[in-house]
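> just a sequence and a predicted model for now, questions to come.
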Amino acid sequence: MTENKNEQLATVTLKIEGMTCDHCAVSIEKRFAGKDGIINKKVSYGEKKGDFTFNPSIISKEEIINTINASRSYHVVENGSEQGSGKNHFDLIIIGGGSAAFSAAIKAEELGLSTLMVNGGLPFGGTCVNVGCVPSKTLIRAAETVYHASHSNFTGVKPKGADIDFAQVIKDKKSLVATLQQKKYIDVVSEFENLNMIEGLAEFVDSKTILVNGKDKYTAIKFIIATGATTNVPEIEGLKDIGYLTNVSLFDLEEKPESITVMGAGYIGLEIAMAYNRLGVKVRIIEFTDRVLRTQTPDISEELERNMKNEGIEILPNFRAIKFEKKGKDTIIYCRCPDGTTTQIVEPGKIVVASGTVPNTSKLSLHNIGVHLTKSAHIAVNEKMETNVPNIYAVGDVTNTPAFVYTAAYEGKIAVENAFTGAEKKTDYSSLPWVVFTDPQVAGAGLDEAQSEAQNIPFEVSKLSLSDVPRALAANDTRGFIKLIRNTETDKLIGARIVAPEGGELIQQLSMAIKHNITVKELAESFYPYLTLGEGIKLAAITFGKDVSKLSCCAT
């Protein structure tokens with residue numbers, strides 16, 4: 001920094017970090033528009049500096065620096081003494097190695113930012129590819145193959161069953177995980193010029209410094225926390241002593257267990273239960289609330305529970321495990337029953353904990369920088385993925401946002417854009433589509449009835465049984481329904497819920513309809529190919545005003 005005074009005016013040259021394009025320089029200059037005491041200003045992206053002529057009796061050098069630093073995107077380095085200069089200093093440090101982290105790294109590379117990714121949990125790629133979406137969905141598909149080889153919807157078709165090589169199924173899963181982890185994560189960033197990747201546990205020393213593995217210090221202008229979440233293991237007596245499994249360890253188990261008891265009936269527990277049941281494992285679910293998939297309305301829970309019981313899955317709602325005990329090879333589960341009494345359940349196989357997740361925030365030393373957490377220990381962020389600390393952003397499952405791999409990737413990208421380009425982008429999850437990969441699948445977008453009522457939106461519900469959808473009738477598979485929610489004042493679609501075989505394939509259309517303010521009338525009057533499941537959307541829209549059971553095929 002240099003400073004020269006000429007009579008009552010002063011000139012200061014400031015080194016500015018964080019600029020990634022000429023627009024950044026213009027944005028910094030705009031921060032001084034109309035500011036008293038500024039005589040002249042010239043910021044250069046290429047030279048990474050700003051020249052300011054000012055009246056020191058009106059505005060000080062410190063005020064100029066503070067004006068620049070008040071932005072979340074740019075920072076003044078004074079006399080080269082800014083903490084963290086050197087090989088261990090970066091424009092951006094990303095803590096985490098999953099989808100959100102890789103998305104952020106890709107955007108950072110596009111902007112030419114020097115970036116460090118510090119991964120201290122699962123292998124690079126994170127939950128989705130290693131222990132979540134990829135392994136679970138391939139096992140679900142394998143299980144469906146077994147089911148359809150053993151069950152037929154047609155009396156004239158007699159399936160002969162399937163021979164299951166369980167160990168080979170798991171080995172194939174492991175091979176797929178390894179392939180996708182390499183191709184979709186490691187290979188994608190292998191030629192990045194500005195990215196460094198290390199493995200280790202990171203904790204904050206201050207808002208500009210992290211310590212990795214308790215010994216190596218790294219500094220950055222901005223940080224993105226993308227450490228994800230892990231299985232919530234409840235504090236129940238004896239649980240930690242009986243060798244329980246989670247999805248992380250279960251999916252690698254090559255010896256098929258005789259049976260499993262799944263603790264939890266959320267989407268993870270239900271997907272596990274259905275897949276392993278179809279692969280020949282006897283499955284029981286213990287759920288401490290009154291029904292499965294408690295986040296959804298009761299009709300969805302009832303439909304799903306009925307179909308799971310029909311396949312032989314035992315479901316115990318309102319049962320609360322209070323103690324676990326090992327007796328020989330068996331595990332004894334002491335439970336409090338719905339009527340208040342206690343009972344003992346014997347599990348000869350494995351206990352699988354699927355009781356939700358907790359964010360990975362406890363080892364980050366966030367107290368050192370004052371980052372705000374929610375009651376559930378998630379990092380509190382706004383729509384721009386900003387925390388309460390100006391240069392700290394957080395994305396993905398570690399935050400108080402929807403926990404999906406595609407939202408995590410979306411958040412990682414916009415966090416970098418907001419941090420370094422001043423883009424001011426905001427997340428909008430009002431039409432977010434999601435799927436639970438049971439069979440039938442459960443899919444949704446927008447609001448349900450309870451959410452609409454809570455927001456005081458005037459609404460009406462149309463619910464169409466799949467027994468009124470020609471495609472389902474032709475397939476002899478009428479499990480489930482299509483439910484649409486509309487605003488009665490505007491006729492706009494505001495929500496949808498689907499329970500149907502492959503119902504997840506329909507939800508994107510309804511998500512787009514919600515996003516673009518499509519009316520139910522427009523849905524009802526659109527063309528749909530006959531004998532597709534998608535035609536059920538048209539029929540559900542018509543159901544707001546007519547009884548579709550009294551209409552001929554293709555009628556409107």
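Sure, I can see it.

> residue 210 against residue 198, yeah?
No. In this structure, residue 210 sits apart from residue 198 without contact. The criterion is C-beta atoms under 8 Å, and the distance is 11.1 Å. Any C-beta I mention is one placed from the backbone N, CA and C, and that applies to glycine too.

> return every residue with contacts to both of the two.
Common contact partners of residue 210 and residue 198 (C-beta atoms under 8 Å, 6 or more residues apart in numbering): residue 118.

> neighbour count for those two, which is higher?
Higher neighbour count among residue 210 and residue 198: residue 210, with 26 against 15, using other C-beta atoms under 10 Å.

> tell me the secondary structure for that one?
Three-state assignment for residue 210 (DSSP: H, G, I helix; E, B strand; the rest coil): strand.

> helices along the stretch 101-250 of the chain, start to end?
Remark: helices of the stretch 101-250 of the chain, listed N- to C-terminal, are 126-131, 133-150, 166-181, 187-189, 247-250; assignment by DSSP state H, counting those that start in this stretch.

> and among the ones you listed, the most buried is which?
Greatest average neighbour count among the helices of the stretch 101-250 of the chain goes to helix 126-131 (a mean of 25), per mean count of other C-beta atoms under 10 Å.

> what helices or strands is that helix leaning on?
In terms of contact count using 3 or more C-beta pairs under 8 Å, 6 or more residues apart in numbering; DSSP states H and E, helix 126-131 is assigned the packing partners helix 99-110, helix 166-181.

> how about the helices of the stretch 101-250 of the chain, which one is nearest residue 37?
For those, proximity to residue 37 was assessed by C-beta to C-beta; helix 187-189 is nearest, at 45.7 Å.

> run me through the strand neighbours of the strand or helix carrying residue 16, direction for each.
According to DSSP states H and E, residue 16 maps onto strand 9-17. Sheet pairing of strand 9-17 (DSSP bridges) gives strand 2-6 (antiparallel), strand 49-54 (antiparallel), strand 75-77 (antiparallel).

> what's the mean pLDDT across it?
The pLDDT scores in strand 9-17 average 89.

> buried stuff in it?
Of the residues in strand 9-17, 10, 12, 14, 15, 16, 17 count as buried by neighbour count, 16 or more other C-beta atoms under 10 Å.

> surely the fourth one meets residue 77?
This means residue 15. Yes. Residue 15 sits in contact with residue 77 when judged by C-beta under 8 Å, with a separation of 4.5 Å.

> point out where the stretch 51-200 of the chain drops to low pLDDT.
Per-residue confidence of the stretch 51-200 of the chain (counting by pLDDT under 70) places the weak regions at 78-86.

> just the pLDDT for the closest residue to residue 458 other than its chain neighbours.
Using C-beta to C-beta, 6 or more residues apart in numbering and skipping the chain neighbours, the partner closest in space to residue 458 is residue 488 (4.6 Å). Confidence at residue 488, expressed as pLDDT, is 98.

> wait, residue 488 touches residue 461, no?
No. Because the distance of 10.3 Å does not satisfy C-beta under 8 Å, residue 488 is recorded as not touching residue 461.

> neighbour-wise, which of these two wins?
Applying other C-beta under 10 Å to residue 488 and residue 461 shows that residue 461 carries more neighbours, namely 17 against 12.

> just the element for the more buried one, please.
Of the helices and strands defined by DSSP H and E, residue 461 is found in strand 459-465.

> residues in contact with that strand?
299, 447, 449, 452-453, 478, 480-488, 494-495, 520, 536, 539-541, 543-544, 548.

> now swap in stretch 158-169 and tell me
Residues contacting stretch 158-169 (C-beta under 8 Å, 6+ apart): 139, 142, 145-146, 148-152, 254-256, 279-280.

> show me where the stretch 401-550 of the chain has its helices.
Along the stretch 401-550 of the chain, the segments classed as helices by DSSP H, counting those that start in this stretch run 405-421, 449-454, 470-474, 507-515, 520-525, 535-542.

> picking that back up, just the buried residues of the contacts of strand 459-465.
Buried subset of these (neighbour count, 16+ other C-beta under 10 Å): 447, 449, 452, 478, 480-487, 494-495, 520, 536, 539-541, 543-544, 548.

> could you find the closest non-adjacent residue to residue 549?
Once its chain neighbours are removed from consideration, residue 549 has its nearest residue in residue 468; the separation is 5.8 Å (C-beta to C-beta, 6+ apart).
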